[in-house]
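*Asks:* Give the three-dimensional model of this entry:
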Amino acid sequence: MTQTLTTAHRPPGRRIAIASGKGGVGKTWLAITLAHALARGGQRVLLFDGDLGLANVDTQLGITPKADIASVVGGAHTAEDAILSYRAGFDILPGRSGSTALAGLEGAALGALNADLRRLAGRYDSVVMDLGAGVGSGVRGLAAAADLLLVVATDEPTSLTDAYAVLKLDCRARPPGHGDAAIVVNHAASKTEGQRTYHALARACATFLGRTPHCAGIVRRDEHVKDAIRRQTPLLERHPSCAAAADVEALARAL
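*Replies:* Numbers count the residues shown, from 1 in each chain. Next up is the predicted model:
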């Protein structure tokens, strides 16, 4: 299914940023699968690879973009030029890996990128933004401009610590009432264990930040995920009935 951009006036779609603090927690896979689930639910969806400098949505999906966000920032293409339609029914604004210019994006260039995303949101129901790991200026700037920040965490202590750091900085950057932040627990041994992980992180936020992000979803550990990534195929296409697929579809419905 190919999505057609329209210039008709409509309420802007929601910008959903996905961050983690720590790498290796399944953030990019979750962004892809959530975009797919939202599209399967009838939404017009744009997936933006916002891992500035270390993009890998194209690798996970086995695509070779002709244009990407680096060429947009460099002025060679417009954001609309760089968008490609993916066979699973959502559009992609690709990133570029190994770009030092993107990795250090800030100031006016970062503001221009956020302006592009705001404009594009008027043509979609949801813009899913896969942000980079860590708490660099680019990650913070894109997260603060989003309508919803989903922070991905696992039960590993380093993941919890880094997820808390993302939430702490977002709390400072985002005044109350300007967007929202929530937690997604990934690689959970069970729903019960996932709830324990969420409550540990939520307690730290309540104690030290005075805010308690809600639990947007729990995604169970599932070997089908590794298989789909190895095959460069979306999980909902390759293993639509597995546990992790059901959990991400539940997350999409909750959003």
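*Asks:* burial of the closest residue to Gly62 other than its chain neighbours, as a residue count?
*Replies:* Computed as C-beta to C-beta, 6 or more residues apart in numbering, the closest residue to Gly62 that is not its neighbour in sequence is Gln232, at 3.3 Å. (Glycine included, C-beta is placed from N, CA and C.) Counted with other C-beta atoms under 10 Å, the neighbours of Gln232 add up to 13.
*Asks:* contacting residues for Gln232?
*Replies:* Shown in contact with Gln232 (C-beta atoms under 8 Å, 6 or more residues apart in numbering): 59-62.
*Asks:* any idea how far Gln60 is from it?
*Replies:* Using C-beta to C-beta, to the nearest Å, Gln232 is found at 6 Å from Gln60.
*Asks:* is it true that Gly89 touches Ala39?
*Replies:* Yes: when contacts are counted by C-beta atoms under 8 Å, Gly89 is listed as touching Ala39 (4.1 Å).
*Asks:* and the residue nearest to Gly62, that one's in a helix?
*Replies:* No: looking at Gln232 with DSSP: H, G, I helix; E, B strand; the rest coil, it is coil, so not inside a helix.
*Asks:* can you give me phi and psi for it?
*Replies:* phi 50, psi 50 (degrees, to the nearest 10).
*Asks:* Check Ser20 too.
*Replies:* Ser20 adopts backbone torsions of phi -150, psi -20, taken as degrees, to the nearest 10.
*Asks:* Begin at 36 from now on, thanks
*Replies:* Yep, numbering from 36; the last one is Ser55 now.
*Asks:* Give me the neighbour count for it.
*Replies:* What Ser55 shows, counting by other C-beta under 10 Å, is a neighbour count of 28.
*Asks:* same deal with Gly77?
*Replies:* Around Gly77 there are 9 residues (other C-beta under 10 Å).
*Asks:* can you map out the strands along this structure?
*Replies:* Ranges of strands within the chain are 49-54, 80-85, 119-120, 126-128, 161-166, 183-188, 215-223, 249-255, based on DSSP state E.
*Asks:* CSV please, covering the ones you listed and showing distance to Leu69, mean neighbour count and mean pLDDT.
*Replies:* Formatted as CSV, the strands of the chain follow (distance: least, C-beta to C-beta, whole Å; neighbours: other C-beta atoms under 10 Å; pLDDT from 0 to 100):
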stretch, distance to Leu69, mean neighbour count, mean pLDDT
strand 49-54, 7, 25, 96
strand 80-85, 9, 28, 95
strand 119-120, 18, 16, 96
strand 126-128, 13, 24, 97
strand 161-166, 6, 28, 96
strand 183-188, 8, 26, 96
strand 215-223, 9, 24, 97
strand 249-255, 9, 21, 98
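*Asks:* Among these, which comes closest to Trp64?
*Replies:* With C-beta to C-beta as the measure, strand 215-223 is the member of those nearest Trp64 (8.5 Å).
*Asks:* Mind listing the strands the closest one pairs with, and their directions?
*Replies:* Pairing partners of strand 215-223, with direction, according to DSSP bridges: strand 183-188 (parallel), strand 249-255 (parallel).
*Asks:* What are the contacting residues of it?
*Replies:* 53, 60-61, 65, 182-190, 198, 202, 205-206, 209, 229-230, 232-233, 236-237, 246, 248-256, 286.
*Asks:* how about 6 Å then?
*Replies:* The contact list for strand 215-223 (C-beta atoms under 6 Å, 6 or more residues apart in numbering) reads 60-61, 183-189, 205, 229, 232-233, 236, 248-256.
*Asks:* Over to stretch 82-101?
*Replies:* With C-beta under 6 Å, 6+ apart, stretch 82-101 has contacts from 63, 70, 125, 127-132, 134, 137-138, 140, 163-167, 173, 177, 264, 267.
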